[in-house]
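S.K.: give me a model of this one.
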Amino acid sequence: MRKKLWIFFKLLLMHCFSGLAEGIAQEKAEAAIPVATLSPPEGNTTFLGGTTWCIAHPLVSPFDLQIALDWACGSGKTDCSPIRAGGPCFEPDTLVSHASFAFNSYYQQNGNSDIACNFGGTAKLTRTNPSYAKCVYETAGPVKSSAPPSSSYKGKCILWKFGVLIILFLYLRR
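M.R.: Have a look, this model is predicted:
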């Protein structure tokens, strides 16, 4: 019985640490592999010679613009506090100005791609910096990764800890 428990213990230990090694190797591999820019605009600093911003198209209907702004500040999870009363980007208090700020924030935080600057056709890309006075438009944000977290080995180690507790329980129960 003791030998079987010892083998079980070793298997659980190997299972945990193999997952740990996989997680570390995956993190190192992700850090070491350069990300190729296949075509513009895969990142605003490589977009045909410069930085780009996403702004509201001034010729769309205010109704459509308001719907897009509401989405950006709601479901789009853009931080819209700078365009609220008292914020550095509240003035000028216009729909186009507020939408431009929100659209650009979303665009910069979501990979600087064409699709992140669409908003139902109410937005467009520009190479002219729309920042003014104390209102600074972002130029690069953290790119959200679609890859799952590489710390999946934690679940395996929990299994290992649980196994150790079972072994201790069975050993002490004798």
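S.K.: how about low-confidence regions in the protein?
M.R.: Scanning the chain for pLDDT under 70 picks out 1-49, 141-165, 167-169, 171-174.
S.K.: stretch 105-116: end-to-end distance?
M.R.: One end of stretch 105-116 to the other measures 10 Å (C-alpha to C-alpha, to the nearest Å).
S.K.: could you pull out the buried residues of that stretch?
M.R.: Counting neighbours by 16 or more other C-beta atoms under 10 Å, one finds that the buried residues in stretch 105-116 are Ser105, Tyr106, Tyr107, Gln108, Gln109, Asn110, Gly111, Asn112, Ala116. No exception for glycine: its C-beta is placed from N, CA and C like everyone else's.
S.K.: repeat that for stretch 80-100.
M.R.: Buried residues in stretch 80-100 (16+ other C-beta under 10 Å): Cys80, Pro82, Ile83, Cys89, Phe90, Val96, Ser97, His98, Ala99, Ser100.
S.K.: from memory the second one sits against His98, does it?
M.R.: No. Counting by C-beta atoms under 8 Å, Pro82 does not reach His98; the two are 9.4 Å apart.
S.K.: distance check, Gly121 against Gly87.
M.R.: 27 Å (C-beta to C-beta, to the nearest Å).
S.K.: for Ala140, that is, sorry about that
M.R.: Applying C-beta to C-beta to Ala140 and Gly87 gives a distance of 21 Å.
S.K.: how about Glu138?
M.R.: 14 Å.
S.K.: now do Trp71
M.R.: Separation of Trp71 from Gly87 (C-beta to C-beta): 19 Å.
S.K.: kindly report the same for Gly50.
M.R.: From Gly50 to Gly87 the distance is 27 Å (C-beta to C-beta).
S.K.: which SSE is Cys54 in?
M.R.: strand 53-56 (DSSP states H and E).
S.K.: any idea which helix or strand comes after that strand?
M.R.: Criterion used, DSSP H and E; the element after strand 53-56 is helix 62-73.
S.K.: need phi/psi at Cys135.
M.R.: The phi and psi values for Cys135, taken as degrees, to the nearest 10, are phi -90, psi 100.
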